[in-house]
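>>> What follows is a predicted protein model with its sequence.
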Amino acid sequence: AQSMGVNRSTLVAALDNLIAAGMIEGRRGGGTYVSGSGWHALAHGAPPNWNEAIEEGWYYPNLPEVQLINRAEFQPGIIRLGTGELAPELMPEDAFNDILRSLSDRSRTLNYLQPQGSLELREALSDYLLTCGIHASPSAILIVSGSLQALHLISVGLLPRGSAVLLEKPSYLYSIHAFQSAGLKMNGVPMDAGGLHIPRLEDMIEGGTHQGHPSPLLYTIPSFHNPTGSVMNDARRNELMSAARAGGISILEDAAYTDLWLDMPPPLSLKARDTDGRVLHMGTLSKAVSPGLRLGWLVGPEPVIRRLADIKMQTDYGTSSLAQEAAELWFAGGYHSRHMDRLRPELRRRRDFMLELLERYFNGIAEWNKPAGGFYIWLKFTASPLSIRQLFHACLQDGVLIHPGFLYDRLDADHLRLSYAYASEEEMERGMQLLAKAARNLLES
Ligand code: PMP
């Protein structure tokens, strides 16, 4: 504006006129843009300005740090201290070789299956869920291409645009993105080592709305929470169910890490306590078995399952038949429980090793939890303020990838999510040493 010799208030008034005339729109972060500008070539016959056109879709981009992480994870030699995935050597390769060999004569593997998911897999899952205390008939199960898809389907298929979702503060990174891009508001409920803070939740439910947005649904990860590693205790689970009944809200329970207990199984799931059909429950093979299979499930009332299966049909025609057939044999062939029995001692060793390294390198500058399962340690810097963003970049320069707390709660300033599932013990040792050095350097500067 200055270079054109136009003063700012004239410009703002002109923008207001354009907004009023519907020619431009308010945008994420309060900025404005000219509708379709990237698509309209300045010179006749020239291609669109793609750098501008890519700003015009309605889906939010990842935070710059997340984009960096997603690229850096595939760089050879990088030490991944925050990655929420099993290390490749912990994945059940031999079992899948068996399973894939026995699929070779199945022609239906090459065809579409029902959009709700193959009946045989849903039957196998129904049996598996029963071992978790959950009664789910095959008609109450939807197979999804990873449980993140369930979050998307629910966001666009069940929740009114502009309504608000209650969720833990902090919460799973991509749940925040799914809700946000679907035009939903979010109300973060505080939590402590025992899980959601129920009196605060009750206040928020009783308040009814958040800035005018009612909250019909609470999204929660009660067992081995991402990113804090905490477990909602038994009493808290009962209180939550009562609060939901009294306040008339429904619950979406995310059980992604439930099978990954290391010391003892977590309390019974919320779905197993559901007496009046208000809990939707989602699970996945991604955390305990294989994220690349892209196989998850949602359990809920039949109208919900049918509605979301109809959207799934419009979205991807159903989950990969190959993945579904493999998952059916995985559960029906007893591979799952054998794999979990082998995996637990390995993960326990890695967890204990990371806790040992924390004692060695972070005493006096940070505090952390001892997780009873899942992958995560939620590290809090307690010494004088330190910029986690600077720490992230300093570590990246040293070839160490960390996950800052603000990915899971935009206002968080002093946490890191560490994972003991991915890095080898050698990498952990070196990575934690470099991380501690970078943190101490920043604290001293
Ligand atoms: N829920 C939680 C809590 C997760 O941590 C993840 C993966 N990071 C997912 C859901 C989604 O996993 P997927 O789509 O691979 O099943």
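Alright, I've got the coordinates.
>>> which residue is nearest the middle of the chain?
Residue closest to the average C-alpha location in the chain (CA atoms, centre = their mean): residue 172, at 3.7 Å.
>>> Would you agree it is in contact with residue 220?
No. With contact defined as CB atoms under 8 Å, residue 172 does not reach residue 220; the gap is 10.2 Å. Quick note: C-beta positions are derived from backbone N, CA and C, even for glycine.
>>> if I look at these two, which residues touch both of them?
Shared contacts of residue 172 and residue 220 (CB atoms under 8 Å, 6 or more residues apart in numbering): residue 254.
>>> Please name the nearest non-neighbouring residue to the residue nearest to the centre of the chain.
residue 226 (4.7 Å; CB to CB, 6 or more residues apart in numbering).
>>> Can you tell me the element the one you found falls in?
Per DSSP states H and E, residue 226 falls between elements, in no helix or strand.
>>> Now for the residue of the stretch 51-200 of the chain found nearest the ligand: which residues touch it?
For the stretch 51-200 of the chain, the residue closest to the ligand is residue 146, as judged by CB to the nearest ligand atom, at 2.7 Å. Residues counted as contacts of residue 146 (CB under 8 Å, 6+ apart) are 284, 286, 291, 294, 295, 296.
>>> Strands - which of these land there?
The members of the contacts of residue 146 that map onto strands under DSSP state E are 284, 296.
>>> Now neighbour count, pLDDT and distance to the ligand too, for the contacts of residue 146, in JSON lines please.
Converted to JSON lines, those look like this (neighbours: other CB atoms under 10 Å; pLDDT from 0 to 100; distance: CB to the nearest ligand atom, whole Å):
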{"residue": "284", "neighbour count": "25", "pLDDT": "98", "distance to the ligand": "3"}
{"residue": "286", "neighbour count": "21", "pLDDT": "98", "distance to the ligand": "3"}
{"residue": "291", "neighbour count": "15", "pLDDT": "97", "distance to the ligand": "5"}
{"residue": "294", "neighbour count": "18", "pLDDT": "98", "distance to the ligand": "7"}
{"residue": "295", "neighbour count": "26", "pLDDT": "98", "distance to the ligand": "8"}
{"residue": "296", "neighbour count": "25", "pLDDT": "98", "distance to the ligand": "4"}
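>>> Nearest to residue 324 among the contacts of residue 146?
Among the contacts of residue 146, residue 295 lies closest to residue 324 (CB to CB), at 7.0 Å.
>>> The closest one touches residue 284, doesn't it?
Yes. At 7.1 Å, residue 295 and residue 284 qualify as touching, with contact defined as CB under 8 Å.
>>> which residues of this protein score low on pLDDT?
Where the chain drops to pLDDT under 70, the residues are 1-36, 41-43, 104-106, 208-213.
>>> List, one by one, the residues from it near the ligand.
The chain comes close to the ligand at residues 84, 146-148, 172, 221, 226, 254, 256, 284, 286, 291, 296, as judged by CB under 6 Å from any ligand atom.
>>> Name the nearest of the residues you listed relative to residue 276.
For these, the nearest to residue 276 is residue 254 (20.3 Å; CB to CB).
>>> The residue of the stretch 51-200 of the chain closest to the ligand and residue 363, how far apart?
39 Å (CB to CB, to the nearest Å).
>>> Residue 321 now?
Taken as CB to CB, the span from residue 321 to residue 363 is 52 Å.
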